[in-house]
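**Student:** Give me a model of this one.
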Amino acid sequence: MITLNKPPMGWNSYDYYDTTVTEDQVKANADYMAEHLKSHGWEYVVVDIEWYSYDAGSQRDKHQYIPFWKVEMDEYSRLLPCPQRFPSSAGGRGFAPLAEYVHGLGLKFGIHIMRGIPRIAAHNHSKILGTERRANEIASPYSICPWNPDMYGVIPGEEGAQEYYDSLMALYAQWGVDFVKCDDICRGDAESAKEEIAMLHKAIENCGRDIVLSLSPGPALLEWAEHYHENANMWRITDDFWDHWDSLRDMFDRCRKWQDQVRDGGYPDCDMLPLGWLGKGFEDERQTNFSKTEQRTMMTLWCMFRSPLMLGAELPKLDDWTLSLLNNDKVLGLLDRSKGAREIFRDEQVILWQSESTEDSSQYLAIFNISEDEVAVAPEEYLSHASGTAEDLWEGEALSLNEKKEIPAHGCLLLRVLSAH
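**Tutor:** Got it, this is the predicted structure:
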């Protein structure tokens, strides 16, 4: 399994496009990332759900995922990109041409998959590469995702089941895939989910390519923490996260629950950052509902906690302010230059997180105002045996630790404490 010394950073098509993203749209977002974000650490371009489906999004008034519809699939029960939306995939080329394009920009390419094997493959008794077994023999008809109708889970231990997952990852390695987000697997809705996580990990090991494994949806199970660490690189600690203050407020509780499980190589995942323009594929195109103050709070918590950072916006539509939010190198530096982040204080008005620099003796302090009113705080009130000055990482200013600082409702203060003892 690939070892990551920092959480993955990138873009995912879901929040803006839902199931409808096309090849040209992926390329446009990749072009923007390469020009405006890559130099600040953003690198993954991920095509999310239903890239294999024909007519995706065409029945949005009835179905997010059209049941029992046509999908593109090879003779070995492996889903392929739909050539309606990904024309370069025609002729059995799959995602190889698009991955090559993304790699040519100096970026990495990822895809979303659902746990299991296509139901149509089981119904057709389709072949599986590397075994005489057929899809119907390894599929469990009782293991069905409650919100997506495309797949059956596989039967762990059944001859041919591991070979099926091996064949998937071998194909993705051939395409040049660097990142796989597997859905309907993280929170254990299916009895086989825990074993299928291990099967995916084994398949990645067998394919010979470094591939990041991301598990969705959440909430992840704390009692499975070591299993996630052993088999994956990131796992969602929430269901789909959207642009509402109540959801952001709730994330403080989730991060506190998972704070002892953040370590290099394995990262509890707060989900995508719903910034910029969102919702077009959901027929609700809008700018994020988060205020600028709340957007800064979200970025601060994600970076302090060392969550993966995956953008959900339509990147070419980003404004200058949002771009500045995403390219603050001192804030992003928390992802790979800090450790031990944890909540150290909480009351009805403020929540504080603290972590240590891995480069020197400085510390990081994040003060969050979770109330509906402005509050004034002096950082030294929350730091034992600290004196001197700090650097405000968002404003780029020096700040005395005994100086009262006003924090707006739902806002934050992020400091690098330079003289902590």
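**Student:** Show the residue spans covered by the strands in the stretch 151-300 of the chain.
**Tutor:** 151-154, 179-183, 212-215, 234-236, 267-269, 277-278, 286-287 (DSSP state E, counting those that start in this stretch).
**Student:** Need those strands in a markdown table (columns: mean neighbour count and mean pLDDT).
**Tutor:** Where you see a C-beta, it was placed from the backbone N, CA and C, and this is true even at glycine. Formatted as a markdown table, these follow (neighbours: other C-beta atoms under 10 Å; pLDDT from 0 to 100):
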| stretch | mean neighbour count | mean pLDDT |
| --- | --- | --- |
| strand 151-154 | 25 | 98 |
| strand 179-183 | 24 | 98 |
| strand 212-215 | 24 | 98 |
| strand 234-236 | 29 | 98 |
| strand 267-269 | 29 | 98 |
| strand 277-278 | 22 | 98 |
| strand 286-287 | 13 | 98 |
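**Student:** Format the ones you listed as CSV; extra columns: distance to residue 13.
**Tutor:** Output for the strands of the stretch 151-300 of the chain, formatted as CSV (distance: least, C-beta to C-beta, whole Å):
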stretch, distance to residue 13
strand 151-154, 20
strand 179-183, 11
strand 212-215, 14
strand 234-236, 17
strand 267-269, 17
strand 277-278, 12
strand 286-287, 17
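**Student:** quick one: which of those strands is nearest residue 105?
**Tutor:** Taking C-beta to C-beta, strand 179-183 is the member of the strands of the stretch 151-300 of the chain nearest to residue 105, at 15.0 Å.
**Student:** Show me what that closest one is packed against.
**Tutor:** strand 44-47, strand 108-114, helix 193-207, strand 212-215 (3 or more C-beta pairs under 8 Å, 6 or more residues apart in numbering; DSSP states H and E).
**Student:** Give me whichever of the ones you listed is most buried.
**Tutor:** strand 44-47 (a mean of 28; mean count of other C-beta atoms under 10 Å).
**Student:** helices and strands around that strand, which ones?
**Tutor:** Checking 3+ C-beta pairs under 8 Å, 6+ apart, strand 44-47 ends up next to strand 9-12, helix 23-36, strand 108-114, strand 179-183.
**Student:** about what we covered before: let me know which of the strands of the stretch 151-300 of the chain is the nearest to residue 341.
**Tutor:** Comparing those by C-beta to C-beta, strand 267-269 comes nearest, at 11.2 Å.
**Student:** Parallel or antiparallel, list what pairs with that closest one.
**Tutor:** Looking at strand 267-269 with DSSP bridges, its partner strands are strand 234-236 (parallel).
**Student:** Surely residue 89 touches residue 100?
**Tutor:** No: with contact defined as C-beta atoms under 8 Å, residue 89 and residue 100 do not form a contacting pair (11.9 Å).
**Student:** These two - which one has more neighbours?
**Tutor:** residue 89 (23 against 14; other C-beta atoms under 10 Å).
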